[in-house]
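# Fold the following and give me the result.
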Amino acid sequence: MINVIKNDGSRIDRVIFLKVTKEELLKRAIKRAEEENRTDDKDREIVMTRINEFSNATIPAINFLKESGVETIEINGNQSIENIFETIKEGLQ
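All right, here's what the predicted structure looks like:
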């Protein structure tokens, strides 16, 4: 992602980053597997691999953007959907 940003010439004004623990992400994936019958979420190892890949690729990109002066809105993703929505709205004004 970092190379795409550098080479593309695009400008990023803000980043919204929902912070959620790995344990919570795993619980949500398992719940989604049960409710939506998603076979890709039924295997704990597959889910943890996806979570780790996201962390390994995304966190450095977010840190790069922060260090570049891009406003980063970090939100506790363990809140209600309504609270998260309101926080995002406030951050984008």
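# Show me what the lengthiest helix in the chain is packed up against.
Among the elements of the chain assigned as helix by DSSP state H, the one spanning the most residues is helix 44-67. In this structure, helix 44-67 makes packing contacts with helix 2-8, strand 14-19, helix 22-36, strand 71-76, judged by 3 or more Cβ pairs under 8 Å, 6 or more residues apart in numbering; DSSP states H and E. Just so you know, the C-beta spots here come from the backbone N, C-alpha and C atoms, and that holds for glycine as well.
# just how off-centre is that helix within its chain?
Taking Cα atoms, centre = their mean, to the nearest Å, the mean C-alpha location of helix 44-67 is offset from the chain mean by 8 Å.
# Could I get the buried residue list for it?
When neighbours are counted by 16 or more other Cβ atoms under 10 Å, the buried residues of helix 44-67 are found to be 47, 51, 62, 65.
# What of stretch 26-33?
For stretch 26-33, burial by neighbour count (16+ other Cβ under 10 Å) applies to 29-30, 33.
# Touching, K66 and P60? I think so.
No: with contact defined as Cβ atoms under 8 Å, K66 does not reach P60; the gap is 10.6 Å.
# What residues does I73 make contact with?
Residues in contact with I73, defined by Cβ atoms under 8 Å, 6 or more residues apart in numbering, are 14-17, 87-88, 91-92.
# got it, and V47?
Residues in contact with V47, defined by Cβ under 8 Å, 6+ apart, are 25-26, 29-30, 41.
# of all those residues, which comes closest to G77?
When these are compared for distance to G77 (Cβ to Cβ), L25 wins out at 8.8 Å.
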